[in-house]
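K.L.:
Curious how this folds, go ahead:
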Amino acid sequence: MSNYYFDASAIVKRYAIEPGTTWVRQLCAALDTETDERWQAIFVGEISRVEVAAALTQKARRTREISEQDAEDAIELFVK
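P.N.:
Here you go, the predicted model:
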């Protein structure tokens, strides 16, 4: 099993399309085909909750890269 630390920019890639999104999503979804166990552990810092919420809100309100509903949904999924 591999260990990864994701900062806010990596976490946002899981919820919004940008360079690196495919790699992050594949890493998060990867399972061992024989055991269905995750191949990696992903760690995040507590501050990531605030940083990810801010980044996704900015993508929705300032740059309009994602809808406000998509931002709200992504934030809710992340903080669960």
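K.L.:
contacts for stretch 29-40?
P.N.:
1, 2, 3, 4, 27 (Cβ atoms under 8 Å, 6 or more residues apart in numbering). To be clear about C-beta, it is placed using only N, CA and C from the backbone, and glycine gets the same treatment.
K.L.:
can you pick the most crowded of the residues you listed?
P.N.:
residue 27 (18 neighbours; other Cβ atoms under 10 Å).
K.L.:
what's the burial count for the closest residue in space to that residue that isn't next to it in sequence?
P.N.:
Counting by Cβ to Cβ, 6 or more residues apart in numbering, residue 27 lies nearest to residue 40, which is 6.5 Å off, once chain neighbours are set aside. Counted with other Cβ under 10 Å, the neighbours of residue 40 add up to 11.
K.L.:
returning to what we had before: which of the contacts of stretch 29-40 fall in strands?
P.N.:
2, 3, 4 (DSSP state E).
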